[in-house]
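S.K.: give the three-dimensional model of this entry:
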Amino acid sequence: MLRRRDHRRRPTVTALVAVGTVTAACLVATGASPSRAASPEIHYAVNGAYAFTGHGYGHGHGMSQWGADGAAQQGLSSSQILAFYYPGTTTGTVANTTVRVSVTGVTGGVTVLPTTRSGALSVIADDQPAPQVLPTDVNGAPVSQWRVLSTAGVQSLQGFWSGAWQPYPPTGGLSTTAAMGFRGANSVVSALRADGTVRDYRGDLVLQSTGGVRAVDRVPLESYLRSVTPSESPASWPAAALQAQAVAARTYTVHSLSSSSPYDICDSTQCQVYNGIAAYSATGTLIQSYEAPTTDAAVAVTAGQILLYNGTPILAQFSSSDGGWTSNGGEPYLPAQPDPYDGVVPNSGHDWTATVSAAQVGAAVGVGSALSITVNSRDGNGDWGGRTTSVTVAGVGGTVTLSGTGFRTALGLKSEWWTLPVGSPPNPQLAGVDLYAIRATGSGSGWLDLHTLSASSGYQTYTRHNITGMPQRPTSNWTYLIAPYNGDGQPDLYAICLRGCASGRVEVHVLSAASNYSVFLAHIATGLGVVPASQHPEVHLASYAGDGREDLFLVIDHGTGSGRVEVHVLSAASGYTTFLAHAATALVEPPAGQGWDYLIGDAVGSGDLVAIHDTGTTGSGATEVHVLSEQSGYQTFTAHDATILALGTTTTYALGSSADTGVPDLYVVLPNGASKHAEVHVLSGGSAYRTFLAHVATPLVALPTSDWALTFG
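M.R.: Numbers count the residues shown, from 1 in each chain. Below you'll find the model as predicted:
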């Protein structure tokens, strides 16, 4: 099976992973085609796992290796294959220059064995004028191995004789800060590897400490390609496919040559696979040859040929399979285009499946067991809208957004091009309240705009888009809430003025849902004077004493006079002119730097005070929920819960009813979540807010909180 082929400059994931919090993150993708903007595709686990169906193996830029095989079997020449996969390029030639390959797997710095394959060995050093032939024995003792070690940037030579490693020459030794290594008389070096095998390499094998200690094979370009070509494409493939591979690999190598780096190219799939000549056992038995007559012929017949664009060697990327559509590599000669040749020969990369458990998905990206996977965008090419370019994973321990490449790499998928069954939310019955997005300012209409996302759709489908009958008013002075006003159960819109009101009082204005929010049901100057922002006022609608009416609760936690957080309740039955309660609660006013949010309600609709400490410091180090009972006049706590939310989460909160526990669940609304959309995350009241019930990226793009209000109803 061919493995994926990726360019050495690996894509990076820019994302924040936070265990125990919901975290906003973004991805910056470079060198890629513009992503197709679309509504997020949210997928849930089915039977505890995610069943991926995909196309392609690797990044899909440039030539598909299986596609080259298919094209050759359909009669295309190597030049025709290359012209298809790298359009707009021309052919040039290059000399048989030296390539510096960073070699992995060698042991003891660089350790070599004298073999008949290598011939006489010499030590070479970049600061020495000529190689120095090494003896076969020292004072009559045979030397079985030679090595170069690096210590603090200094390379030194040692030989193994008389049962021990010893400096050579015996008097004074040989050391240098330059690169030092070995050359065989037959232009072959036999290197000992960490696994105990011996690997033959063409060229000079040296150890250098510039930019980190590494072994580097300095090998002529054409000799290097004799190993790369069969390592990248099976030697049994048609000559045209192997010739195309040789030219692509040669061009990729020339493009990688660098005067500023200590090496030009690596020996793995991150660059091009390079295995040397052959592998042998410690006793000299051939294990595997990495060169072949067919690929030697392909290298020879294309000797020196490279691809140019505007006279410059191209970045000739290739991958195992593109699945039937190449992906945009960010260069004119690496376009996204349909590929009729990939799939001509059946292969495991063209179409694939992979099943990954929810626990494995979450562990791979650091968010605990994955509750959902949301595809935020795709490149627009091929099945399902093409390759994924942005993916959000929501888990029990947080949320993270990755690039399509980052997600594929984390999970070990064959490509970014995949789809999943939709599945069902973990607890769809818990989504009992619709989400309302109210455009308070900045709308071109000049009126409040209201958009409703239904709970039954998992906040994916709009049920309303309304331009209301109320002029725009800023959220700095106004609060917007959804609740039935006249007992008909309709989600009417309450616009509550806290300061700067015409009457000089707190005002309640109610727009009728039945009229699509075009007709007012009420304009009320309440029995409450305007509330300065310095008192940190919050207003809520809830039933006081269980009468079923939407009474108006005012919570203030600064400048109260009592030194306590205070709750004041205006009666809905009196038209908000008469107070039902004034309570100085058991909570003291929070000091500077300690931020609290407040909610009113419990599972049976009464007016308990839910105080959420989410900024500053807490005893638990996390966001905490404390509940004061209405029945005690807000003097007695009924709960103290440390949630799994981190402190400092910028959010809106709401309470929702649970069908199972009788304890209200906590809805956490992020105006600008990791998915770059408004998000809803639900914490289970039954777990004392230690477990998430749902993570949902809504179709609402990230919202500026200064212009928008988000509320439930």
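S.K.: so what's Asp614 up against?
M.R.: 595-597, 623-624, 645, 647-649, 651 (CB atoms under 8 Å, 6 or more residues apart in numbering). C-beta: built from backbone N, CA, C; applies to glycine.
S.K.: in strands, which of those fall?
M.R.: 595-597, 623-624, 645 (DSSP state E).
S.K.: drop anything exposed from those.
M.R.: Buried members of the ones in strands among the contacts of Asp614, counted by 16 or more other CB atoms under 10 Å: 596-597, 623-624, 645.
S.K.: SS state for the closest residue to Ser515 other than its chain neighbours?
M.R.: Leaving aside its chain neighbours, Ser515 sits nearest to Gly469 (7.8 Å; criterion: CB to CB, 6 or more residues apart in numbering). For Gly469, the assignment made with DSSP: H, G, I helix; E, B strand; the rest coil gives strand.
S.K.: remind me which helix or strand the closest residue to Ile314 other than its chain neighbours belongs to.
M.R.: Closest residue to Ile314 apart from its sequence neighbours, by CB to CB, 6+ apart: Leu307 at 5.1 Å. Per DSSP states H and E, Leu307 falls inside strand 305-309.
S.K.: beyond that strand, next helix or strand please.
M.R.: That would be, after strand 305-309 and using DSSP H and E, strand 312-313.
S.K.: helix, strand, or coil at Ser348?
M.R.: coil.
S.K.: what pLDDT does it get?
M.R.: In this model, Ser348 is scored at 92, pLDDT.
S.K.: picking up where we left off before, export the strand holding Leu307 to PDB, keeping only CA atoms.
M.R.: What follows is strand 305-309 as a C-alpha-only set of coordinates in PDB (Å, rounded to 0.1, in the frame of the first residue of the first chain):
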ATOM      1  CA  GLN A 305      14.700  16.200 -16.700                       C
ATOM      2  CA  ILE A 306      12.800  18.500 -14.500                       C
ATOM      3  CA  LEU A 307       9.600  20.600 -14.800                       C
ATOM      4  CA  LEU A 308       9.700  24.400 -14.900                       C
ATOM      5  CA  TYR A 309       7.200  27.200 -14.600                       C
END
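S.K.: got the contact list for it?
M.R.: Strand 305-309 has contacts (CB under 8 Å, 6+ apart) with 82, 86, 88-94, 247-248, 250-251, 254, 313-314, 316, 331-333.
S.K.: cross the residues you listed against helices and list the overlap.
M.R.: In this view, these that belong to helices under DSSP state H are 82, 247-248, 250-251, 254.
S.K.: quick one: buried ones out of these?
M.R.: Here, 16+ other CB under 10 Å leaves 82, 247-248, 250-251, 254 buried among the ones in helices among the contacts of strand 305-309.
S.K.: quick check: closest non-adjacent residue to Val519.
M.R.: Ser512 (4.9 Å).
S.K.: based on its surroundings, how many neighbours for the residue lying closest to Ile556 once chain neighbours are set aside?
M.R.: Setting aside the residues directly before and after it, Ile556 is nearest to Gln535 in space (CB to CB, 6+ apart), at 4.3 Å. Gln535 is flanked by 17 other residues according to other CB atoms under 10 Å.
S.K.: quick check: the gap between the closest residue to Asp296 other than its chain neighbours and Gly276.
M.R.: Excluding its sequence neighbours, the residue lying closest to Asp296 (CB to CB, 6+ apart) is Arg226, at 5.6 Å. Computed as CB to CB, to the nearest Å, the Arg226 to Gly276 distance reads 10 Å.
S.K.: these two: which has the busier surroundings?
M.R.: Gly276 (28 against 23).
S.K.: quick revisit: and the strand holding Leu307, how far from the chain's centre?
M.R.: Here strand 305-309 is found 35 Å from its chain centre; the criterion is CA atoms, centre = their mean, to the nearest Å.
S.K.: same question, stretch 543-556
M.R.: 44 Å.
S.K.: ok, and what's touching it?
M.R.: Stretch 543-556 has contacts (CB under 8 Å, 6+ apart) with 483-485, 496, 506, 508, 526, 528, 531, 535-542, 565-573, 576, 580-581, 598, 600, 604-607, 609, 630.
S.K.: returning to that earlier point: show the average pLDDT along the strand holding Leu307.
M.R.: Strand 305-309 comes out at a mean pLDDT of 98.
S.K.: what pairs with it, and is each one parallel or antiparallel?
M.R.: Here strand 305-309 is paired, per DSSP bridges, with strand 90-93 (antiparallel), strand 312-313 (antiparallel).
S.K.: now the longest one: buried residues?
M.R.: The neighbour-count check on strand 90-93 (16+ other CB under 10 Å) flags Gly92 as buried.
S.K.: re earlier: show me what contacts the residue nearest to Ile556?
M.R.: Residues in contact with Gln535 (CB under 8 Å, 6+ apart) are 556-560.
S.K.: ok, now Asp342?
M.R.: Counted by CB under 8 Å, 6+ apart, Asp342 has contacts 56, 64, 66-67, 70, 321-324, 350.
S.K.: any idea how far His255 is from Ser261?
M.R.: With distances taken as CB to CB, Ser261 is found 13 Å from His255.
S.K.: and the two? Which one has more around it.
M.R.: Using other CB under 10 Å as the criterion, Ser261 and His255 rank with His255 on top: 19 against 13.
S.K.: my guess is the more buried one contacts Ala316. True?
M.R.: Yes. His255 lies in contact with Ala316 (CB atoms under 8 Å); the separation is 6.7 Å.
S.K.: what would the contacts of Asp342 look like in CSV with neighbour count and distance to Thr409?
M.R.: Compiled in CSV, the contacts of Asp342 are given as follows (neighbours: other CB atoms under 10 Å; distance: CB to CB, whole Å):
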residue, neighbour count, distance to Thr409
Gly56, 32, 14
Ser64, 34, 20
Trp66, 30, 21
Gly67, 31, 23
Gly70, 25, 27
Ser321, 30, 17
Asp322, 36, 18
Gly323, 32, 17
Gly324, 22, 22
His350, 25, 20
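S.K.: report the two of the residues you listed separated the most.
M.R.: Using CB to CB, these reach their maximum pairwise distance at Gly56 and Gly70, which is 13.9 Å.
S.K.: which element is the spatially most central residue of the chain on?
M.R.: Nearest to the mean C-alpha position of the chain, by CA atoms, centre = their mean, lies Leu402 at 1.6 Å. In this structure, Leu402 sits in strand 398-403 according to DSSP H and E.
S.K.: how far out from the middle of the chain is the helix or strand just after that strand?
M.R.: Scanning forward in sequence from strand 398-403 by DSSP H and E, the next helix or strand is helix 404-411. Taking CA atoms, centre = their mean, one finds helix 404-411 lying 7 Å from the centre of the chain it belongs to.
S.K.: now do stretch 75-85
M.R.: Its chain's average C-alpha position is 36 Å from that of stretch 75-85, according to CA atoms, centre = their mean.
S.K.: contacts for it, please.
M.R.: Here stretch 75-85 makes contact (CB under 8 Å, 6+ apart) with 62-64, 67-68, 71-72, 89, 91, 239-241, 243-244, 247-248, 302, 307, 318, 326, 341.
S.K.: and Ser79, how many neighbours?
M.R.: Ser79: 15 neighbours (other CB under 10 Å).
S.K.: that one belongs to a strand, doesn't it?
M.R.: No. Secondary structure of Ser79 (three-state DSSP): helix, not part of a strand.
S.K.: can you map out the strands along the stretch 551-700 of the chain?
M.R.: For the stretch 551-700 of the chain, the strands defined by DSSP state E, counting those that start in this stretch cover 551-556, 564-570, 579-588, 595-600, 609-615, 622-628, 637-646, 652-656, 665-670, 677-683, 692-701.
S.K.: so which of the ones you listed gets nearest Gln145?
M.R.: Among these, strand 637-646 sits nearest to Gln145 (CB to CB), with 55.4 Å.
S.K.: so where do the helices sit in the stretch 1-150 of the chain?
M.R.: For the stretch 1-150 of the chain, applying DSSP state H, counting those that start in this stretch gives helices covering 65-73, 78-85.
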